[in-house]
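Student: Sequence first, predicted coordinates after that:
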Amino acid sequence: MPAPSRIVVIGGGITGVAAAHRLTELTNQSSTEVVLLEADDRLGGKIKTSEFGGTRIDEGADAFLLRTPHAVQLASEVGIGNELVSPTAASAAIWAGKLHSIPSDLALGVPTSLMSIAKSGLIPPIGLVRAAFDLVRPASRLDHDSIGEWTRNRFGHYVHDRLVDALVGSIYGADTDRFSLAAVPQLQTLSQAGRSAILSGRRMRASAPAQTGPIFGAPPLGMEQLITSTIADIQRRGEDRVRIISGTPCESLQQASDGWIVNDLTADGVILATPAHQTASLVTGNVSTALRSFETADVVIVTVRVAAHHWPDHLYGRSGYLVPKSQQRLVTAVSFASQKWAHLAQADGSQILRISLGRDGLPVQHLDDADLVNHAVEETGAHLGISIDYSTARISRWTHAFTQYRPHHFHRISEIEQQLPTTLQLAGASYRGIGIPACIADGRRAAEKVVAMLAN
Ligand SMILES: Cc1cc2nc3c(=O)[nH]c(=O)nc-3n(C[C@H](O)[C@H](O)[C@H](O)COP(=O)(O)OP(=O)(O)OC[C@H]3O[C@@H](n4cnc5c(N)ncnc54)[C@H](O)[C@@H]3O)c2cc1C
């Protein structure tokens, strides 16, 4: 069989960039051309780092998990593995009237020790009593596939609101009552491991190999360094077999008798690394209808600087805090970036805060810039009892930031994929995980699948 001549990747976020990188590895003995097509002038999608008052600060993602291999592996392959930095020992908190340290012994918010949640002061006595029911309740139903239902069934309202929803909701921009349990692997495993979540969590901890070292990492120049380094590596490996075309959206994708036509390019295989709601307009029929029905949540990050003399002593040693749904107005989380990352500490002692607003069911994009900054500054100021300067605020709007994995999400994905030819792969944060490692893994999976199909 002749080698495939062209594979087009549509979408230059981390998924598409990782797919293109893997394609250049897989096709390096052939004449296959790899084309990466990005609508925007800038590559990176939801990964974006820009200067804020002289320091490079991320506008979206600021860290990736080190304990799943894919992001670390990519960073190493593209030459920045040894440069990765990790957060300081500063600790995160949850705000409920005041800041409470996040209890130890949690599995993504699910307690494995009643003592440790009692000590945190975050759960009132009635909530602790209800949480203890987990130890004696019969096994919970799982057919609803809802994180909220499962957690409240085991532990009641307080553990759900102040721990599980606060932690999981902040990762996915989610309302966990309407979010798939199966799509969050740690919770899925825990819910299936036995009758009581506390006892299962404890057993799993005891039998898991001891994990040492930091949990999160990031490139020192910000997350965009992962994109630029990967692109440089693609160009180095692919030389004249690679074309990276930015500022050019895919406007038409058609199936031809022997492959695909992407805009005016013929292709043997295509990877659609675009979010589901955008992919919907590039495909047709039932697949388009199904993808169009995926809902998303918008978020905004307001970055501000707080002068050193306004920063109270009790906030040193903190990396930030989450706001549980029951306590939220618009602010859902605040990261103290210059305490979370040693390399972002400011010489003048000022603090850089990244304030997140909005989630599924808490819209924010209708607000103008001034309103967003007012909300961010007033709510955060009230939580912390400090005064924040408005003048330097940076606003990063993320429309359709997070695809919401509704209950039975994976079932919907597999139904959609069954209707697609295998030379067309869907990849990215809308499908099999939103974290950067999951996106990289999915881009690589799609690349491997297309190359394998074309080789047959
Ligand atoms: C505020 C925020 C904070 C986050 N924090 C973290 C974090 O700390 N850690 C973590 O692991 N994850 C985090 N995430 C999640 C993670 O950043 C994203 O899930 C991931 O970057 C998505 O990558 P992607 O390539 O799948 O999609 P995207 O980044 O959305 O990329 C898709 C690309 O496709 C392009 N495109 C769309 N339509 C077309 C078209 N027709 N033709 C060509 N190109 C097109 C878009 O312009 C875009 O560049 C965060 C996300 C947000 C929004």
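Tutor: Arrived safely, thanks for sending.

Student: pretty sure Arg305 belongs to a helix, no?
Tutor: No: counting by DSSP: H, G, I helix; E, B strand; the rest coil, Arg305 is not part of a helix but strand.

Student: Next, find the distance separating it from Lys119.
Tutor: 34 Å (CB to CB, to the nearest Å). Yep, even glycine has a C-beta here, placed from its N, CA and C like the rest.

Student: more crowded one of those two?
Tutor: Arg305 (21 against 13; other CB atoms under 10 Å).

Student: mind listing what that one touches?
Tutor: 52-53, 346, 350-353, 389, 392 (CB atoms under 8 Å, 6 or more residues apart in numbering).

Student: Just the closest residue of the stretch 51-200 of the chain to the ligand, please.
Tutor: Ala61 (3.1 Å; CB to the nearest ligand atom).

Student: distance of that residue from Ala218?
Tutor: 9 Å.

Student: Spell out which residues of the stretch 101-250 of the chain are next to the ligand.
Tutor: With the criterion set to CB under 6 Å from any ligand atom, the stretch 101-250 of the chain comes near the ligand through 249-250.

Student: What segments of the stretch 101-250 of the chain are helices?
Tutor: For the stretch 101-250 of the chain, the helices defined by DSSP state H, counting those that start in this stretch occupy 114-120, 125-132, 147-155, 157-159, 165-172, 185-192, 197-207, 224-238.

Student: Pull the CA coordinates from the last one and hand them back as CSV.
Tutor: It stands for helix 224-238. Backbone C-alpha positions of helix 224-238 (Å, rounded to 0.1, in the frame of the first residue of the first chain) are rendered in CSV as follows:
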residue,chain,number,x,y,z
GLU,A,224,2.1,28.6,26.6
GLN,A,225,5.7,27.5,26.7
LEU,A,226,4.4,23.9,26.3
ILE,A,227,2.7,25.0,23.0
THR,A,228,5.6,26.9,21.6
SER,A,229,8.1,24.2,22.5
THR,A,230,6.0,21.5,21.0
ILE,A,231,5.5,23.5,17.8
ALA,A,232,9.2,24.1,17.6
ASP,A,233,9.8,20.3,18.0
ILE,A,234,7.2,19.5,15.3
GLN,A,235,8.9,21.8,12.9
ARG,A,236,12.3,20.4,13.7
ARG,A,237,11.1,16.8,13.3
GLY,A,238,8.8,17.3,10.4
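
Student: ok, and what's touching it?
Tutor: 14, 17-18, 20-21, 24-25, 28, 34, 36, 43-44, 47-49, 58, 71, 74-75, 77-80, 219, 242, 244, 436.

Student: cutoff 6 Å now
Tutor: Helix 224-238 has contacts (CB atoms under 6 Å, 6 or more residues apart in numbering) with 17, 20-21, 24, 34, 43-44, 47, 49, 78, 80, 219, 242.

Student: per-residue confidence averaged over that helix?
Tutor: Average pLDDT, helix 224-238: 96.

Student: check contacts around the residue lying closest to the residue of the stretch 51-200 of the chain closest to the ligand once chain neighbours are set aside.
Tutor: Distances taken as CB to CB, 6 or more residues apart in numbering place Met223 nearest to Ala61, at 5.2 Å, with adjacent residues excluded. Neighbour list for Met223: 47, 49, 58, 61 [criterion: CB under 6 Å, 6+ apart].

Student: one more time with 8 Å, if that's ok
Tutor: With CB under 8 Å, 6+ apart, Met223 has these contacts: 47-49, 58, 60-64, 436.

Student: What about the residues you listed, which are in helices?
Tutor: Using DSSP state H, Ile436 are the members of the contacts of Met223 that sit in helices.

Student: if we can go back for a sec, reformat the helices of the stretch 101-250 of the chain as TSV; add distance to Val9.
Tutor: Output for those, formatted as TSV (distance: least, CB to CB, whole Å):
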stretch	distance to Val9
helix 114-120	45
helix 125-132	47
helix 147-155	32
helix 157-159	42
helix 165-172	25
helix 185-192	26
helix 197-207	38
helix 224-238	10
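
Student: between those helices, which gets nearest to His314?
Tutor: Distance to His314, taken as CB to CB, is lowest for helix 114-120 among these, at 16.3 Å.

Student: Count the neighbours of Thr15 for me.
Tutor: 32.

Student: Quick check: the gap between it and Ala71.
Tutor: Distance from Thr15 to Ala71, by CB to CB: 12 Å.

Student: what do the two both touch?
Tutor: Ile440.

Student: Just list the residues touching Ile386, thanks.
Tutor: 306, 310-312, 315, 380.

Student: from those residues, which two are the most distant?
Tutor: Pro312 and Thr380 (13.2 Å).

Student: where in the stretch 301-450 of the chain is pLDDT low?
Tutor: Within the stretch 301-450 of the chain, not a single segment meets pLDDT under 70.

Student: residue boundaries of the strands in it?
Tutor: Ranges of strands within the stretch 301-450 of the chain are 318-322, 331-336, 351-357, 394-403, 424-426, based on DSSP state E, counting those that start in this stretch.

Student: Export the ones you listed to TSV and append columns for mean neighbour count.
Tutor: Shown next, in TSV, are the strands of the stretch 301-450 of the chain (neighbours: other CB atoms under 10 Å):
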stretch	mean neighbour count
strand 318-322	22
strand 331-336	25
strand 351-357	25
strand 394-403	19
strand 424-426	24
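
Student: need the ones you listed in TSV with distance to the ligand, can you?
Tutor: Below are the strands of the stretch 301-450 of the chain laid out as TSV (distance: least, CB to the nearest ligand atom, whole Å):
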stretch	distance to the ligand
strand 318-322	12
strand 331-336	9
strand 351-357	7
strand 394-403	4
strand 424-426	10
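
Student: measure stretch 101-119 end to end?
Tutor: 10 Å (CA to CA, to the nearest Å).

Student: which residues are contacting that stretch?
Tutor: 91-94, 120, 122-123, 128, 131-132, 151, 154-155, 159, 163-168, 184, 186-187, 190, 197-198, 201-202, 204-205.

Student: how is the chain carved up into domains?
Tutor: Domain ranges of the chain: 6-45+224-294+405-455, 101-207, 296-403, per automatic domain parsing.

Student: model confidence over the shortest one, on average?
Tutor: So the one you mean is domain 101-207. 94.

Student: what's the first-to-last distance across that domain?
Tutor: 26 Å.

Student: Check the longest one too.
Tutor: End-to-end span of domain 6-45+224-294+405-455 (CA to CA): 13 Å.

Student: From Arg205, how far out is Asp298?
Tutor: 36 Å.

Student: rewinding a little: would you mind telling me which of Pro312 and Thr380 has the busier surroundings?
Tutor: Each of Pro312 and Thr380 has its neighbours counted (other CB under 10 Å); Thr380 has more, 22 against 10.

Student: quick one: contacts for that one?
Tutor: Contacts of Thr380 (CB under 8 Å, 6+ apart): 304, 331, 334, 353, 355, 386, 388.

Student: 6 Å instead?
Tutor: Here Thr380 is in contact with 334, 355 (CB under 6 Å, 6+ apart).

Student: Out of the helices of the stretch 101-250 of the chain, which gets nearest to Phe410?
Tutor: Nearest of these (CB to CB): helix 185-192, 10.0 Å.
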